[in-house]
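> Based on what follows, work out the 3D shape:
(chains A and B)
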Amino acid sequence: AQTVTQSQPEMSVQEAETVTLSCTYDTSESNYYLFWYKQPPSRQMILVIRQEAYKQQNATENRFSVNFQKAAKSFSLKISDSQLGDTAMYFCAFLPRIIQGAQKLVFGQGTRLTINP
Amino acid sequence: ETGVTQSPTHLIKTRGQQVTLRCSSQSGHNTVSWYQQALGQGPQFIFQYYREEENGRGNFPPRFSGLQFPNYSSELNVNALELDDSALYLCASSSLLAGVTDTQYFGPGTRLTVL
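Numbers count the residues shown, from 1 in each chain, chains lettered A, B, ... in the order given. The predicted structure follows:
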C-alpha cells in the first residue's frame, strides 16, 4: 500500500517570498504519477502541477516547480513570488500507473499555507 | 471544454436517511472516482467507475454504492446515513486508456451534513 506524508501542517510567508512545501511517499511501484493539488476555502480541488515518475526533469508551471527525488521518494513544491491568492490547503498525491484495478489517488494530510500581505 | 460539475452543493440529512449525490464528468473523460474528505483531512478513495462498472473500491461499507451512466456521469448513493458520514464528497473525472489512467480533475464537491 502506498502512503503519502506531509510533515508541515501549517506554513506562513509574506507576499512575494518563496516557500517550499515538503512531501514524502512510500511505494513499491516503479511507474506512477505525483501531483500537487490546491484547495482554497471555496473547497474545489485544483491541480497545481504533475510529475511523471519516469521523467527525471522536474515539472514547472509558471511560479510553481517541484523537486522530485525518486530514490529518496521525495516530492517538494516550490512557490516563487507568492501571491495572496496562493493561500490554500495544499495536498500532495500519488497515483500508481497500473494496468488493472482502481486508479486511485492517495493523498497526504495537507499543508495549510497562508500568504500574508 | 466543460469541467466537472457536482450537485447539490450542500445537503442536510438526518441519521438513517438515504442520499444521492450527482457528478457530471469533464468532456472527453470516461472514468469517475469518488472521494470522501472529512474536515481537516485529505480525501479518501471510495470507488471508481469505468464503462458503467465499478473498477475498484476503497475501505467503505456496502451502504456506499454508485452508478455510472452511458454519458459517463455518475451517482453516489449512501444508505442508512450515520453521523460520521458528514463530510465533503468529491468527484473526479479522468481518461482511462489501455487500462491506464492519467490526471484526475475534481468537481467543486458536495458538503453533506448528517444530524
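> Show the average pLDDT along stretch A:39-55.
Here stretch A:39-55 scores 92 as its mean pLDDT.
> which non-adjacent residue is nearest the residue of chain B found nearest chain A?
Nearest residue of chain B to chain A, counting by CB to the nearest CB: B:Gly56, 2.1 Å away. In this view, the C-beta of every residue, glycine as well, is placed from N, C-alpha and C. Closest residue to B:Gly56 in three dimensions, ignoring its sequence neighbours and counting by CB to CB, 6 or more residues apart in numbering or on different chains: A:Ala102, at 2.1 Å.
> So that neighbour versus B:Tyr35, what's the distance?
Separation of A:Ala102 from B:Tyr35 (CB to CB, to the nearest Å): 12 Å.
> again, but for A:Ala59
Relative to B:Tyr35, and taking CB to CB, A:Ala59 is found at 23 Å.
> Near B:Gln26, how many other residues are there?
Neighbours of B:Gln26 under the rule other CB atoms under 10 Å in any protein chain shown: 20.
> Tell me if I am right that it is in a strand.
No. Assessed with DSSP: H, G, I helix; E, B strand; the rest coil, B:Gln26 is coil; it does not lie in a strand.
> Nearest spatial neighbour of it, chain-adjacent residues omitted?
B:Ser93 (4.7 Å).
> residues in contact with the one you found?
B:Ser93 makes contact with B:Val4, B:Cys23, B:Ser25, B:Gln26, B:His29, B:Thr31, B:Val32, B:Ser33, B:Tyr72, B:Gln104, B:Tyr105, B:Gly107 under the criterion CB atoms under 8 Å, 6 or more residues apart in numbering or on different chains.
> still on that earlier bit, okay, A:Ala102 and B:Tyr35: which has more neighbours?
Higher neighbour count among A:Ala102 and B:Tyr35: B:Tyr35, with 26 against 20, using other CB under 10 Å.
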